[in-house]
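**Q** Give the three-dimensional model of this entry:
(chains A and B)
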Amino acid sequence: MLDIRLIRSEPEKVEQALRRRGKEISLKPVLDADARRRALLVEMEALKAKRNEASKEIGRKKKAGEDTDSSMEEMRKVGEQIGALEGKVREVETTLEQLLWNIPNLPDDSVPDGLKEEDNLLVGEWGSPRRFDFAPKPHWEVAANLGIVDFERATKIAGAKFEVFVGAGDRLRRALIQLMLDSHRGRGYVEVGLPLLARRDSLMASGHLPFFEEDQFSIRQEEMFLIPTAEAALANLHRDEILSADNLPMKYASYTPCFRYEKVGAGKESRGLIRQYQFDKVELFKFVLPETSFDELEGLRGDAEAIYQALEIPYRTVLLCAGEMGTASTKTYDPMAWFPGLDKWLELSSCSNCLDWQARRANVRFKRGPKGKPEFVHTLNGSGLAVGRTFAALLENHQQADGSVVIPEALRDYLDGIEKITAVR
RNA sequence: GGAGAGAUGGCCGAGUCCGGUUGAAGGCGCACGACUCGAAAUCGUGUAUCCUGAUUAAUACUCAGGAUCGGGGGUUCGAAUCCCCCUCUCUCCGCCA
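**A** Numbering: from 1, shown residues only, chains lettered A, B, ... in the order given. Sure thing, here's the model as predicted:
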């Protein structure tokens, strides 16, 4: 959520920034509602002040045994006026809130213009795509040949867009999670295990609602949602708290399954493990001092990229253009892995600085000392990494002509030292 | 799921039956000051958040007002105190990995 005071003071600037996202949002209704709200408040608060004073007087008089009927009658009428005004205030505040909760974050000045993938800016590269002396297969073929992922049987349980990891496949999945968590722990993140369900207000705070309601899995017993990412839960970890500046930054890493009801058509980018209804992810999340958030974003990107490097997966990191960024973000890096089987670069991670946009929604603040005024923290989130896609990238990059997959050095400790996965039969 | 008890400021804890200068006693903690070579102890002062208006370069300070005693609604001139709904916590029973 944006600061209403920013909108009030520089509406054209805000509108212009939103336009960079490809959103034409008029702030006129916001400004109107804001002005009307304040006018109503002035009127209502004057009446309340009058009533408060009179009520004290009545208390005093009653104690002294004096007659109070006339002022009580008068205040009853004042009460009616206040009630009427309260109704109007509530109405206009509802309108205003709804408008504010629907405005995305503003892109940072350092973010390139553009609305499409081609407008993203290449800002880093590591490794180079391996030269194959055979035609590299897409991961689903590699996996099928090794018998480590079963898509067909998953449909018996849950339908399309799910998978079953089998044998060495599931051990590999688990090893990836373990490696990621250990790496991040070593870099100062506190590991947390989270609820996988969250209430509506939590997804509102994280910024997943009201924007993407149709992409959320919900359950029927309670009004709750399966989390689309651990970010949705982590953004609420310190909701309504006032943190101490001494404890910042607070850095969390969490492995969770993620659930996304994305109705996208079939194709290279949605086949196999790339776009499923459920996938594993290790998420990184930071609560930081405002003046440090852009440095922290660089650090976050480094923490995510460290995993690519450990797994020896070549990547390119792009700075997303304004139109490609998520709602909550002001600046996002996507490190993208090379998928030789798909002949594509695809993101295994997305690292964003949300400034105070999310912190306002979740009401997470901090104080710079016992006498400091509370300020909103800045929040950052990044995948570190999406496990399903990482699994796929690993198979595609490290596949051998004989169909086996070489396990990168760093991962072997987690797999009893085995050097490659080979077909069982 | 059933029955009952509870939720008060950073923390502990009064007040709730019998509504009235109670944003809230007291204690702890914390901040500042005094004392001290310094510290402890002691003494003094201060110590929630949000909103609106005035002032302002300011979303800094100050002043005035409003709101908040888990959240929402109601009764009343007036609600931390009375009534209703919700959320959460605890105890007992049931169920259960």
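
**Q** Every contact and neighbour count from this point should use C-alpha atoms.
**A** Noted.

**Q** my read: A:W345 touches A:D334, true?
**A** No - A:W345 lies out of contact with A:D334 (C-alpha atoms under 8 Å); the separation is 10.6 Å.

**Q** Looking at those two, which one has more neighbours?
**A** Legend: neighbour count by other C-alpha atoms under 10 Å for A:W345 and A:D334, higher for A:D334 (27 against 17).

**Q** can you pull the contacts of that one?
**A** Under the criterion of C-alpha atoms under 8 Å, 6 or more residues apart in numbering, the neighbours of A:D334 are A:317-320, A:347-351.

**Q** Please flag which of those residues sit within strands.
**A** Within the contacts of A:D334, residues falling in strands by DSSP state E are A:317-319, A:347, A:351.

**Q** farthest-separated two in the residues you listed?
**A** The two members of the ones in strands among the contacts of A:D334 with the most space between them (C-alpha to C-alpha) are A:L319 and A:E347, at 11.8 Å.

**Q** With adjacent residues omitted, what lies nearest to A:Y255?
**A** Nearest in space to A:Y255, with sequence neighbours left out and distances taken as C-alpha to C-alpha, 6 or more residues apart in numbering, is A:V282 at 4.2 Å.

**Q** Show me which helix runs longest in chain A.
**A** helix A:28-64 (DSSP state H).

**Q** by contact count, what packs against that one?
**A** Using 3 or more C-alpha pairs under 8 Å, 6 or more residues apart in numbering; DSSP states H and E, the elements in contact with helix A:28-64 are helix A:69-101.

**Q** The helix it packs on: which residues count as buried?
**A** A:75, A:78, A:82, A:85-86, A:88-89, A:92-93, A:95-96, A:100-101 (16 or more other C-alpha atoms under 10 Å).

**Q** Am I right that the residue nearest to A:Y255 falls within a strand?
**A** Yes - under DSSP: H, G, I helix; E, B strand; the rest coil, A:V282 sits within a strand.

**Q** Double-check it against A:S254; I have them as touching.
**A** Yes - with contacts counted by C-alpha under 8 Å, A:V282 reaches A:S254, the gap being 5.4 Å.

**Q** Find the residues that touch each one of these two.
**A** A:181, A:230.

**Q** helices or strands up against the strand or helix carrying A:D303?
**A** Applying DSSP states H and E as the criterion places A:D303 in helix A:293-310. Applying 3+ C-alpha pairs under 8 Å, 6+ apart, one finds that helix A:293-310 contacts helix A:168-186, strand A:331-339, strand A:351-353, strand A:378-386, helix A:409-412.

**Q** closest to RNA strand B out of these?
**A** Nearest to RNA strand B among these is strand A:378-386 (14.4 Å), distances taken as C-alpha to the nearest atom of the strand.

**Q** quick one on the thing from earlier: pipe the contacts of A:D334 into JSON lines and attach distance to RNA strand B and neighbour count per row.
**A** Shown next, in JSON lines, are the contacts of A:D334 (distance: C-alpha to the nearest atom of the strand, whole Å; neighbours: other C-alpha atoms under 10 Å):
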{"residue": "A:T317", "distance to RNA strand B": "33", "neighbour count": "23"}
{"residue": "A:V318", "distance to RNA strand B": "32", "neighbour count": "21"}
{"residue": "A:L319", "distance to RNA strand B": "28", "neighbour count": "23"}
{"residue": "A:L320", "distance to RNA strand B": "27", "neighbour count": "28"}
{"residue": "A:E347", "distance to RNA strand B": "34", "neighbour count": "22"}
{"residue": "A:L348", "distance to RNA strand B": "31", "neighbour count": "27"}
{"residue": "A:S349", "distance to RNA strand B": "31", "neighbour count": "27"}
{"residue": "A:S350", "distance to RNA strand B": "29", "neighbour count": "26"}
{"residue": "A:C351", "distance to RNA strand B": "26", "neighbour count": "28"}
